[in-house]
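Asks: Fold the following for me, if possible:
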Amino acid sequence: MTPLSSVPVQLLIYVLPQPQCKSVPVILPLTRCLEVQVGVTVTFQIYAMLNCSRSISNITSIAASAVSGLTAGSLTIVPTNSTLFYVTFTWTPQIDQVGYEEICAIAYTR
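Replies: Take a look at the predicted model:
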């Protein structure tokens, strides 16, 4: 048994409190294909639906994984549906990003 490394590893773990709402928000799928060109700016929205009363829980932000050059706008509530939130993302793909880029999204609640 030979160790792979002599460098210690430290992990930071944050334990979340028990949520008041047992239903997690749902990230809604995009309604269009995001086929983009190098150097051409694209904007798209990622929506999340709250599955609890806003008096119990609320979406505080929607975050996406770090793709180089991807910027996020502010969280917006859909005026006609108070349980539906979205963030507008803007991205200008670069030449080194040709091919598939994976973007993961999460909705944070309070």
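Asks: Strand partners (parallel or antiparallel) of the helix or strand bottoming out on mean pLDDT in the chain?
Replies: For the chain, using mean pLDDT, DSSP states H and E, the weakest element among its helices and strands is strand 105-109, scoring a mean of 89. Paired strands of strand 105-109, with direction, are strand 59-64 (antiparallel) (DSSP bridges).
Asks: after the strand it pairs with comes which helix or strand?
Replies: Scanning the chain past strand 59-64 towards its C-terminal end, the next helix or strand to appear is strand 71-72 (assignment: DSSP states H and E).
Asks: Touching that following strand from outside, list them.
Replies: 62-64, 87-91 (CB atoms under 8 Å, 6 or more residues apart in numbering). (Each C-beta comes from the backbone N, C-alpha and C, glycine too.)
Asks: run the last query once more with 6 Å
Replies: Contacts to strand 71-72, defined as CB atoms under 6 Å, 6 or more residues apart in numbering, come from residues 87, 89-90.
Asks: So which of these sit within strands?
Replies: When DSSP state E defines the strands, the subset of the contacts of strand 71-72 inside them is 87, 89-90.
Asks: what's the distance between Cys21 and Ile106?
Replies: Between Cys21 and Ile106 the computed distance is 16 Å (CB to CB, to the nearest Å).
Asks: Now do the phi/psi pair for Phe44.
Replies: Its backbone dihedrals place Phe44 at phi -150, psi 160, with angles given as degrees, to the nearest 10.
Asks: burial count for the closest residue to Ser65 other than its chain neighbours?
Replies: Leaving aside its sequence neighbours, Ser65 sits nearest to Cys104 (CB to CB, 6 or more residues apart in numbering; 4.3 Å). Applying other CB atoms under 10 Å, we find 10 other residues in the vicinity of Cys104.
Asks: So Tyr47 belongs to a helix, correct?
Replies: No. Counting by DSSP: H, G, I helix; E, B strand; the rest coil, Tyr47 falls outside a helix, being strand.
Asks: isn't the residue nearest to Ser65 right up against Ala63?
Replies: No. Proximity of Cys104 to Ala63 does not meet the contact threshold set by CB atoms under 6 Å, at 9.1 Å.
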